[in-house]
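Novice: predicted model and sequence below, questions to follow.
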Amino acid sequence: MVVVIAVLFRWSVGGWTSVYATARMVVQLVAIGYLLIFIFEASEAWIICAVLAVMLLVASWICLRPIAASRARLYPQALISLAVGGGFTLFTVTVGVLHLEPWYAPRYLVPLAGMIFANSMNTVSVAAERFESELDAGQALPAARAVALQTGMIPVFNSMFAVGLVALPGMMTGQILSGVSPLIAVRYQIVVMCMLFAASGLSAALYLQLAGRRPS
């Protein structure tokens, strides 16, 4: 990390941003570690819903960071997109696949929501930035939307192509190290990969559809 940060400073391409991001990452992870102890012991559905709402609100704001000049104007579109795309996928997985009892079981619901909102956030972020760039370059709306969606989904496709060949995802590796059969770990990982693909694609497509209707 020190080497990379030094290069960023040397090339004047966001050295202080990397320092701030690193410090913020450490503080946030330590804080969430203590918070998760409280959340996992919570037996009230409203507490879990409040946690998910905060995650959604923050993810919707962060995903528009590459287009900060239009962030306030586009925030409603981002919020709706992540809420619908991510929320629908989360509901499908927890209720239709995992059959959680109770439905708000925090030990499962919160980590799954985190994976869904984080990946959807990244996909929408890339797609939003590319969409604005294409429109600024004079591309027609349908063409700009198609290019933006394709670009936003590149990391998701790369992960799907690489899983099992180049990388063993963290959840799958953790299960194997804890003694779970690799075949069971694979089944869970398939659910996760499909979940992330669906949430990212739905959120990005919905955002681009909503953003394309806004007044110029």
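Specialist: Here it is on my side, so go on. Numbering: from 1, shown residues only.
Novice: CA atoms for contacts and neighbours, from now on please.
Specialist: OK.
Novice: and the next helix or strand past the host helix or strand of residue 91?
Specialist: If you go by DSSP states H and E, residue 91 is part of helix 71-91. Later in the chain than helix 71-91, the nearest helix or strand by DSSP H and E is helix 106-136.
Novice: roughly how far is the helix or strand bottoming out on mean pLDDT in the chain from the heart of the chain?
Specialist: The least trusted helix or strand in the chain, going by mean pLDDT, DSSP states H and E, turns out to be helix 170-177, with a mean of 76. Relative to its chain's centre, helix 170-177 lies at 20 Å (CA atoms, centre = their mean, to the nearest Å).
Novice: if we can go back for a sec, now the helix holding residue 91: buried residues?
Specialist: Residues of helix 71-91 classed as buried under the neighbour-count rule (16 or more other CA atoms under 10 Å) are 71, 74-75, 77-87, 89-91.
Novice: per the record, what domains does this protein have?
Specialist: 1-41, 44-211 (automatic domain parsing).
Novice: tell me which of those domains sits most buried.
Specialist: Ranked by mean neighbour count, those are led by domain 44-211 with a mean of 18 (mean count of other CA atoms under 10 Å).
Novice: after the least confident helix or strand of the chain, which helix or strand is next?
Specialist: Using DSSP H and E, the helix or strand that directly follows helix 170-177 along the chain is helix 182-211.
Novice: report the angle between that next one and helix 71-91.
Specialist: Here helix 182-211 runs at an angle of 140 degrees relative to helix 71-91 (axes from the mean of the first three to the mean of the last three CA atoms, to 10 degrees).
Novice: helices or strands next to helix 182-211 in the packing?
Specialist: When contacts are defined as 3 or more CA pairs under 8 Å, 6 or more residues apart in numbering; DSSP states H and E, helix 182-211 packs onto helix 71-91, helix 106-136, helix 141-152, helix 154-162, helix 170-177.
Novice: can I get those helices in JSON lines with distance to residue 15?
Specialist: Formatted as JSON lines, the helices and strands packed on helix 182-211 follow (distance: least, CA to CA, whole Å):
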{"stretch": "helix 71-91", "distance to residue 15": "23"}
{"stretch": "helix 106-136", "distance to residue 15": "21"}
{"stretch": "helix 141-152", "distance to residue 15": "25"}
{"stretch": "helix 154-162", "distance to residue 15": "24"}
{"stretch": "helix 170-177", "distance to residue 15": "28"}
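Novice: so which of these is nearest residue 39?
Specialist: When the helices and strands packed on helix 182-211 are compared by CA to CA, helix 106-136 sits nearest residue 39, at 6.7 Å.
Novice: helices or strands next to the closest one in the packing?
Specialist: Packed next to helix 106-136, using 3+ CA pairs under 8 Å, 6+ apart, are helix 15-40, helix 45-62, helix 71-91, helix 141-152, helix 182-211.
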